[in-house]
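>>> Below: sequence and its predicted model.
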Amino acid sequence: MKNPTQKSIKRLSIAILAIGGLTLIYTYVQMISLLWLNNFITPITWIPDMKGWQIFIIAARFLGLTLLFVLCSVFLYRINKGLKDGEIFPKSNIPIIRWTALVGALLAFVHSNYAAVVKGESELTLDSNTILIPLIILLFAGLYRMAYLAAKDSNLAI
C-alpha cells in the first residue's frame, strides 16, 4: 500500500471491525446474562402467551447483529482487497450493501420492540426507522453502483 489514502482506509477498517467486534461481544454477554445468569439489572419477564414472540425478538437481535458484523467484515475486506488490486469500487459489494438494508430493517424492528419484550409487555411497535434506515442504505447501494459504473467507464476511457 503506497497511497496514504489506502493506508488510512485500512486503519479505519481495522478500527471499525474492532469497535464492531467489541459491540458484538458486549451484546453476547448481555444476552447470556439476560437469559441464563439471572440478570438482576433487567430481568426478563416471560409471558406464556407471548413466549414465541419474545424468543423471536431475542434470537433476531442475536442473529441480526452477528450477520451485520459479518456483512460489514466482508464489505471492508473487499474494499481493501479492491484498493490493493487497483479497483476502487468492487462490484461484488453492491449485493452486500443491499443485504445490509434487509438486515438493517430487521434490526430496526427488533430494536423498537426489544425493551417491551424484555419487560414482558404485550405491545408491538413499528417506528419510522424500520422503513427509513433500509431506504437510506438502498440509496447508498444505488450511489455505490453509480460510482462503480463511473469508475468502470473511466478505466475504459484510459
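Cool, got the structure. Residues are numbered from 1 along each chain as shown.

>>> Can you read off the pLDDT for the most centrally placed residue in the chain?
Closest to where the C-alpha atoms of the chain average out (Cα atoms, centre = their mean) is residue 68, at 3.0 Å. Here the pLDDT value assigned to residue 68 is 96.

>>> which one is it nearest to, not counting chain neighbours?
residue 103 (5.1 Å; Cβ to Cβ, 6 or more residues apart in numbering). Glycine gets a C-beta too; all of them are placed from N, C-alpha and C.

>>> My guess is the one you found contacts residue 61. True?
No - using Cβ atoms under 8 Å, residue 103 is not in contact with residue 61, being 11.5 Å away.

>>> Now name the helix or strand holding residue 61.
Remark: residue 61 resides in helix 51-85, with elements defined by DSSP states H and E.

>>> For residue 101, list the residues it contacts.
133, 134, 135, 137, 138, 141 (Cβ atoms under 8 Å, 6 or more residues apart in numbering).

>>> Which pair in the residues you listed has the greatest spatial separation?
The two members of the contacts of residue 101 with the most space between them (Cβ to Cβ) are 133 and 141, at 12.8 Å.

>>> Any regions of this protein where pLDDT drops low?
For the chain, the stretches with pLDDT under 70 are 1-2, 38-42, 157-158.

>>> quick one: residue 110 and residue 57 touch, right?
Yes - under the criterion of Cβ under 8 Å, residue 110 makes contact with residue 57 at 5.6 Å.

>>> quick revisit: just the contacts of residue 101 now: which is nearest residue 90?
residue 141 (13.3 Å).

>>> Burial check on that closest one, number of neighbours?
If you count neighbours by other Cβ atoms under 10 Å, residue 141 ends up with 19.

>>> The closest residue to residue 72 other than its chain neighbours: neighbouring residues, count only.
Counting by Cβ to Cβ, 6+ apart, residue 20 is the residue found nearest to residue 72 once chain neighbours are left out, at 6.0 Å. By the criterion of other Cβ under 10 Å, residue 20 has 16 neighbours.

>>> Okay then, goodbye and thanks.
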